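Engineer: predicted coordinates and the sequence they were generated for:
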Amino acid sequence: MKERDYRFDVARVVCMTYIVAFVHLYAYIHTEAISACVIPIYAVLTDASLGLFTFCSGYLLSTKYRFDGNYLVGVFFKKRIIRIMPLFLLSAIMLYLIGFNGLRATINGMLCISPFLKPRPYTLWYIPVIIICYAITPLVCRKGLSWRICCSSAILTLFILLRLLVPSVDKRLSFNLLFFLIGAVSAPYFDWKFKRIWYIKVIFVLVYLIPLLYLHNNTPEVLTTHKEYFAGLGVFAILFVCEWLSDAIFCKDNTHKDNKIAQIIRCISYSSMACYMFHRLFFWAGEMLINPAVSKVKWLYMAGIVFPVMLYLSYYIQRYYDITIERIKIFINK
C-alpha cells in the first residue's frame, strides 16, 4: 500500500486558509470588499490556490483509481456523489436562505450547470467545477500514458472551444480543468517531488514571487491581463512551498509519532471541503452575533475566534456525516 503523501494535506490547509481566512474574511471586515476581490495579486493567488486544490484532487484520484471495468466506474461515481453532493446541496440552500446567493444562481449551482450558465453562485461556484472534473475522471484515468494525454488534450480543447463559442461559459472551468488533468495524467508516472534539486525550487519560487510583487506595486494591469499565466505558475510554487512545510512538520518515517501540529494539519485537511462549503455561514453567524464597529477589533474577533471555531466544527460536520453514511450503508446491506 502506497504511503500517504502529506504534501497534499499541507496544500489543502494552506490553500483553504488563504481563501477562507484571508480573501473571503475580508468581505466581513471592510465595506469595500467587492473591490478587494479584483486586486490582481489577491486574484492571482486565489486562482492558484484553487488550481492547486484541483490538481491535488486529480492527482490523488488517479493514484487511487484505475478504471478498467464498468463496475469500478459505478462505485466511483457513487462514492463521489455521496461524498460531496448532500453537503453541497445543504450549503447551497442555507446560503440562499441567508440571502448570500439569489434563487437562480442557487438553482444553477445545485444542478451543476452554473459553469455554463449565468448567474453563478458566489463561493459555491467551485463545487460544480470539481464535480465536472469528477465526471471525466473515469474517461481519463484508464489505459496508458498515451491515452491519458490524448484524451485530456481532446477534453481540454473541447472546453476551450465551448468557451469561445458560448461566452457564458466560466473561464475558471477550463483553468481548473487543466490542473485537474495535469494531476490525473501525471500521477502514475511522476510524483512532483524535487527533494534532490531543492535549489531549483528556490529559484522557481523566487522567479514567481519577485515579479508578482513588483507588478503588483507598479503595473497591476499586467497581472490582470496575464492572470491565468501567473496563477498557473503559482500552483506549482505553492506546491513546492508545501513540500518544504510537509518535510518540516511530519516525521520522515510517517509514523504515528507525529507532533501536535501534524495531527492538526491532518484534521484540517480532512475537513477542508466542509470548511470551504460552510465558512460563509459561520462568518455570517459570527457577524450576526457580534459585529464590532472597529475594523481591527473585528479582525481579531473573526480571525481569532470565529475562524478557529469554524475549523473545529467543520471537522465534526465532516466526521459525523461520514459516520452517518457508513451506518446507512451497513443498514442497507443487512
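Structural biologist: Happy to help now that I have it. These figures come from a predicted structure and were not determined experimentally. Numbers count the residues shown, from 1 in each chain.
Engineer: which stretches of the stretch 151-300 of the chain have low pLDDT?
Structural biologist: 195-199, 211-226, 252-258 (pLDDT under 70).
Engineer: contacting residues for the residue most central in space within the chain?
Structural biologist: By CA atoms, centre = their mean, the chain has its centre lying nearest to residue 53, at 3.5 Å. Residues near residue 53 by CB atoms under 8 Å, 6 or more residues apart in numbering: 11, 12, 15, 16. All C-beta atoms are positioned from the backbone trio N, CA, C, and that covers glycine.
Engineer: show me which pair in these is furthest apart.
Structural biologist: Spatially, the most separated pair among those is 11 and 16, at 9.2 Å (CB to CB).
Engineer: the two: which has the busier surroundings?
Structural biologist: Neighbours per residue (other CB atoms under 10 Å) separate residue 11 from residue 16, with residue 11 holding more: 26 against 23.
Engineer: before we move on, the earlier item: any chance of the contacts of residue 53 in CSV, plus secondary structure, distance to residue 97 and pLDDT?
Structural biologist: Output for the contacts of residue 53, formatted as CSV (DSSP: H, G, I helix; E, B strand; the rest coil; distance: CB to CB, whole Å; pLDDT from 0 to 100):
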residue, secondary structure, distance to residue 97, pLDDT
11, helix, 32, 92
12, helix, 28, 92
15, helix, 28, 91
16, helix, 24, 92
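Engineer: so for the helix or strand containing residue 76, mean pLDDT?
Structural biologist: Using DSSP states H and E, residue 76 maps to helix 70-97. Averaged across helix 70-97, the pLDDT comes to 87.
Engineer: list the buried residues of it.
Structural biologist: Residues of helix 70-97 classed as buried: 73, 76, 80, 83, 84, 87, 88, 91, 92, 94, 95, 96 (neighbour count, 16 or more other CB atoms under 10 Å).
Engineer: one more: stretch 306-313?
Structural biologist: Neighbour-count burial for stretch 306-313 [16+ other CB under 10 Å]: 306, 307, 310, 311.
Engineer: nearest to residue 142, of these?
Structural biologist: residue 311 (37.1 Å).
Engineer: look up the closest residue to the closest one, ignoring the ones flanking it.
Structural biologist: residue 268 (5.9 Å; CB to CB, 6 or more residues apart in numbering).
Engineer: my guess is that neighbour meets residue 11, correct?
Structural biologist: No: between residue 268 and residue 11 there is no contact under CB atoms under 8 Å: 11.5 Å.
Engineer: please name every helix or strand in contact with the host helix or strand of residue 307.
Structural biologist: Assignment of secondary structure by DSSP H and E places residue 307 within helix 307-333. Judged by 3 or more CB pairs under 8 Å, 6 or more residues apart in numbering; DSSP states H and E, helix 307-333 is in contact with helix 70-97, helix 260-270, helix 272-289.
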